[in-house]
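K.L.:
3D model of this:
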Amino acid sequence: MSEGSAAAGGMLLVTIDRLPAWIMPAYGSTWLAMPVVDALAGRGLTLDRLMAESDGAIATVATLLGRGPEGGDDWPLLAAAEAAGWRPVVVTDDQALAAALTGTTATRLVAPAAGDAAADEAATDLGRLFAAAADLASEPARRFLWCHATSLGTTWDAPTAYREAYLDPDDPPPPPGAGVPEMTVDERTDPDLIVGLRQLFAGQLTLLDDRLGRLLEAVADRDAGLPWTILFAGVRGMPLGLHGRIGPTPLAPFGELVHLPAILVDHAGRMAAQRYGGLLVPADLAATLREQLGGRPREHPDPRAGRSLTGLLDAWQHSDRDRVICVAERGTAIATPAWQLVLPRGDTEDEPAPLLYAKPDDYFEACDVADRSPEVAAELAELARLAGTDLAAAWAAPLAETAVTGG
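P.N.:
Just a heads-up that it's a prediction; the model follows:
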């Protein structure tokens, strides 16, 4: 193992469903506050283009925990922690995940509470979840903790101060209740409503940030500052009106759904306050964390298999990917270093036209350039169609230079 590759104090994983990268300050947003996550970015390596391979939260989580392209029922990263004597424990509000983990590792389910906006931070779903995680982190023998939250997609129950934190004096009040809105956005939709719902979501993110800070304090206090390896990551985005939908409903795999935020804090401080812009998949993070637990690097011929970032942490060296393929409920996306193609899946037999966006310039995927780069659009669209019938072949098929680098 390379110097600093064994996590000194322990390992903390925090995964958040329905957390889109684009709205976070660490990814360029300037209008909402997440100081705890920003501080993590200052301590760690921010990954700019981590892409999901599906829009299924459990599938992405399983890949992040080391499950390979062949699938299976195991959770390799949890098994590696167990083998290292680290007594892994999972705390989550996701009943489906808790059921999937039954019999494999210690799991604490923090059931969501039905109700309106909470009176204080501790009574929110996020507050109760992170409090339970902080309690577990305080146990002296505990060295591996995974906290997984889903409530961003089910309950916006932040107290009034958070719900109104981003309102201007002339803005209409946020809609009542803690329900997450689901709606179509078109030319008839009131722009003030879209802005208001984003502001409401922003308040929920600031609540998340605050509760995350309490968990990190518990970890730091437990070991008197002995550093841990920390991964903070999203597993699926939230449609917020960039592409015609608001709410946790199916959407074609645009970046707002499948571009995931991730910050990796190495206990030894390698690559602190740096950014990496290469394409990554969750399996790459799994391979990295496995090495942190003392596992040997694994070579796998499947291009979907994880590629450890240890070389990146040690010497800024990494084998860059030329594509990530995401097969989602409402379509397929092909991301390359220079492009993202989205091939939507419609409700009829007629295939919608492919959409092509230049990366990284078109961050929000607002300008379709398929008609200006027809050769690239045609090649990537054909690859997307192939992924629907033979995913392994699509990952291995050769790509023209223009489809990879744009040159």
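K.L.:
could you check how many residues crowd around L207?
P.N.:
Around L207 there are 27 other residues, counting by other Cβ atoms under 10 Å. For the C-beta atoms, the positions are set from N, CA and C on the backbone; glycine is no exception.
K.L.:
is it fair to say it lies in a helix?
P.N.:
Yes. Residue state for L207 (DSSP: H, G, I helix; E, B strand; the rest coil) corresponds to a helix.
K.L.:
now do the nearest residue to D135 once chain neighbours are set aside against V265, distance only.
P.N.:
Once flanking residues are discounted, D135 sits nearest to A218: 7.8 Å by Cβ to Cβ, 6 or more residues apart in numbering. Applying Cβ to Cβ, to the nearest Å, the value for A218 to V265 is 16 Å.
K.L.:
the more surrounded of these two?
P.N.:
Neighbours per residue, other Cβ under 10 Å: of A218 and V265, the larger number sits with V265, 23 against 19.
K.L.:
quick one, helices of the protein?
P.N.:
35-43, 57-64, 76-83, 95-100, 125-137, 160-163, 191-222, 255-258, 282-292, 310-315, 374-389, 391-396, 401-404 (DSSP state H).
K.L.:
now render these as a markdown table, adding mean pLDDT and distance to L152.
P.N.:
Converted to a markdown table, the helices of the chain look like this (pLDDT from 0 to 100; distance: least, Cβ to Cβ, whole Å):
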| stretch | mean pLDDT | distance to L152 |
| --- | --- | --- |
| helix 35-43 | 97 | 14 |
| helix 57-64 | 94 | 11 |
| helix 76-83 | 90 | 23 |
| helix 95-100 | 92 | 15 |
| helix 125-137 | 96 | 8 |
| helix 160-163 | 92 | 13 |
| helix 191-222 | 93 | 6 |
| helix 255-258 | 97 | 13 |
| helix 282-292 | 94 | 18 |
| helix 310-315 | 92 | 29 |
| helix 374-389 | 97 | 28 |
| helix 391-396 | 96 | 29 |
| helix 401-404 | 97 | 34 |
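K.L.:
may I see those helices organised as CSV, with distance to L240 added?
P.N.:
CSV is the format used below for the helices of the chain (distance: least, Cβ to Cβ, whole Å):
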stretch, distance to L240
helix 35-43, 18
helix 57-64, 17
helix 76-83, 31
helix 95-100, 23
helix 125-137, 18
helix 160-163, 16
helix 191-222, 5
helix 255-258, 7
helix 282-292, 22
helix 310-315, 31
helix 374-389, 24
helix 391-396, 29
helix 401-404, 29
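K.L.:
figure out which of these is closest to T15.
P.N.:
Proximity to T15 (Cβ to Cβ) singles out helix 57-64 among these, at 6.2 Å.
K.L.:
mind checking how far that closest one is from the chain centre?
P.N.:
Offset of helix 57-64 from its chain centre (Cα atoms, centre = their mean, to the nearest Å): 10 Å.
K.L.:
just checking, what packs against that helix?
P.N.:
strand 11-17, helix 95-100, strand 229-236, helix 282-292 (3 or more Cβ pairs under 8 Å, 6 or more residues apart in numbering; DSSP states H and E).
K.L.:
could you export these as JSON lines, including mean neighbour count and distance to L309?
P.N.:
Conversion of the helices and strands packed on helix 57-64 to JSON lines gives the following (neighbours: other Cβ atoms under 10 Å; distance: least, Cβ to Cβ, whole Å):
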{"stretch": "strand 11-17", "mean neighbour count": "24", "distance to L309": "15"}
{"stretch": "helix 95-100", "mean neighbour count": "15", "distance to L309": "25"}
{"stretch": "strand 229-236", "mean neighbour count": "24", "distance to L309": "11"}
{"stretch": "helix 282-292", "mean neighbour count": "25", "distance to L309": "4"}
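K.L.:
tell me, what residue is most central in this structure?
P.N.:
G234 (2.0 Å; Cα atoms, centre = their mean).
K.L.:
how confident was the prediction at the nearest residue to that residue once chain neighbours are set aside?
P.N.:
Using Cβ to Cβ, 6+ apart and skipping residues adjacent in sequence, the residue nearest G234 is L19, 3.5 Å away. Confidence at L19, expressed as pLDDT, is 98.
K.L.:
now P25
P.N.:
97.
K.L.:
count the residues that sit near it.
P.N.:
Neighbour number of P25 under other Cβ under 10 Å is 17.
K.L.:
and it, how far is that from M34?
P.N.:
5 Å.
K.L.:
equivalent analysis for W156, please.
P.N.:
16 Å.
K.L.:
who has more neighbours out of the two?
P.N.:
Between W156 and M34, counted using other Cβ under 10 Å, W156 has the larger neighbour count: 25 against 22.
K.L.:
name the nearest residue to that one, sequence neighbours excluded.
P.N.:
With Cβ to Cβ, 6+ apart, the residue lying closest to W156 is Q204, at 5.0 Å.
K.L.:
then A287?
P.N.:
G306 (3.3 Å).
K.L.:
and for the residue nearest to A52 when sequence neighbours are not counted, the neighbour number?
P.N.:
Using Cβ to Cβ, 6+ apart and skipping the chain neighbours, the partner closest in space to A52 is V258 (4.4 Å). As a burial measure, V258 scores 27 neighbours (other Cβ under 10 Å).
K.L.:
which ones are touching V258?
P.N.:
M51, A52, D55, R236, G237, C326, A328, A333 (Cβ atoms under 8 Å, 6 or more residues apart in numbering).
K.L.:
show me the contacts for the fifth one.
P.N.:
Pointing back at G237 there. G237 neighbours (Cβ under 8 Å, 6+ apart): R18, L19, P20, A21, W22, G255, E256, L257, V258, H259, L260.
K.L.:
the last one now?
P.N.:
Taking Cβ under 8 Å, 6+ apart, we find A333 in contact with M51, A252, P253, F254, V258, I325, C326, Q340, L341, V342, L343, A384.
K.L.:
what bridges to I16?
P.N.:
A149, G234 (DSSP bridges).
K.L.:
returning to that earlier point: could you export the helices and strands packed on helix 57-64 as a markdown table, including distance to L126?
P.N.:
Listed next are the helices and strands packed on helix 57-64 as a markdown table, based on distance: least, Cβ to Cβ, whole Å:
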| stretch | distance to L126 |
| --- | --- |
| strand 11-17 | 9 |
| helix 95-100 | 16 |
| strand 229-236 | 14 |
| helix 282-292 | 22 |
